[in-house]
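# following is a predicted model, sequence given first.
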Amino acid sequence: MSTAPTTHPKMSRSVYAQLPEARRYPFPNPDGTVTVDRFGEGDEYFAVDVELVDGPLFTLGQIVVTTALLSELEAAGIDESVLADVVRRHVGGDWGELCSEDYASNDEALVNGDRILSQYRLGPIRCWAITEWDRSVTTLLRPEDY
């Protein structure tokens, strides 16, 4: 009797390398995966084994930023260049501040082609990154803009 191979969530090597050290476990697993505290809880219970891959996990399509997000960043004195990091994390599989169900939905979306949603905190501002199911566009916006 054969069993299907276990699949692990994926994360780009470059995003993994940029994670705070406290979120990365120091040694690779025997199966080649690495253990990551994806939710930043500081508890091994929340750690997940991820497969590291080279390059982006999906196509972003056209990248669009709402004027409301840009205005809020400017009002907070935050340089819009932080959005490059948002895009890098999003396409690399660090989904940011989401619940475990949303992390799982994004991991599944990499396989079945559904929409991908990430959330990040930029100082006092919450920023969503949404890549549409057909990978034609990725929108950076505030949750209130949705």
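The structure has been received and is ready for your questions.
# got the contact list for residue 112?
Residues near residue 112 by C-beta atoms under 8 Å, 6 or more residues apart in numbering: none. To be clear about C-beta, it is placed using only N, CA and C from the backbone, and glycine gets the same treatment.
# and stretch 40-53, what's buried?
With burial defined by 16 or more other C-beta atoms under 10 Å, the residues of stretch 40-53 counted as buried are 47, 48, 49, 50, 52.
# spatially, which residue comes closest to the third one, not counting chain neighbours?
Nearest residue to residue 49 in three dimensions, chain neighbours excluded: residue 33, at 4.2 Å (C-beta to C-beta, 6 or more residues apart in numbering).
# which member of the buried residues of stretch 40-53 is positioned nearest residue 70?
Nearest to residue 70 out of these is residue 50 (C-beta to C-beta; 32.0 Å).
# what helix or strand is the closest one located in?
strand 48-53 (DSSP states H and E).
# list the strands paired with that strand, with their directions.
The strands that strand 48-53 pairs with in its sheet are strand 10-12 (parallel), strand 34-36 (antiparallel) (by DSSP bridges).
# make CSV out of the ones you listed and add mean neighbour count and mean pLDDT.
Converted to CSV, the strands paired with strand 48-53 look like this (neighbours: other C-beta atoms under 10 Å; pLDDT from 0 to 100):
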stretch, mean neighbour count, mean pLDDT
strand 10-12, 21, 95
strand 34-36, 20, 93
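# so which of the ones you listed gets nearest residue 138?
Closest to residue 138 of the strands paired with strand 48-53 is strand 10-12 (C-beta to C-beta; 15.4 Å).
# still on that earlier bit, which pLDDT does the model give the residue nearest to residue 49?
Note on residue 33: pLDDT of 93.
# so for the strand holding residue 50, mean pLDDT?
Taken as a whole, strand 48-53 has an average pLDDT of 93.
# which other residues reach the helix or strand following it?
With elements assigned by DSSP H and E, the helix or strand that comes after strand 48-53 is strand 62-65. Defining contact as C-beta under 8 Å, 6+ apart, one finds that strand 62-65 is touched by 80, 83, 87, 136, 137, 138, 139, 140, 141.
# fine, thanks again, bye for now.
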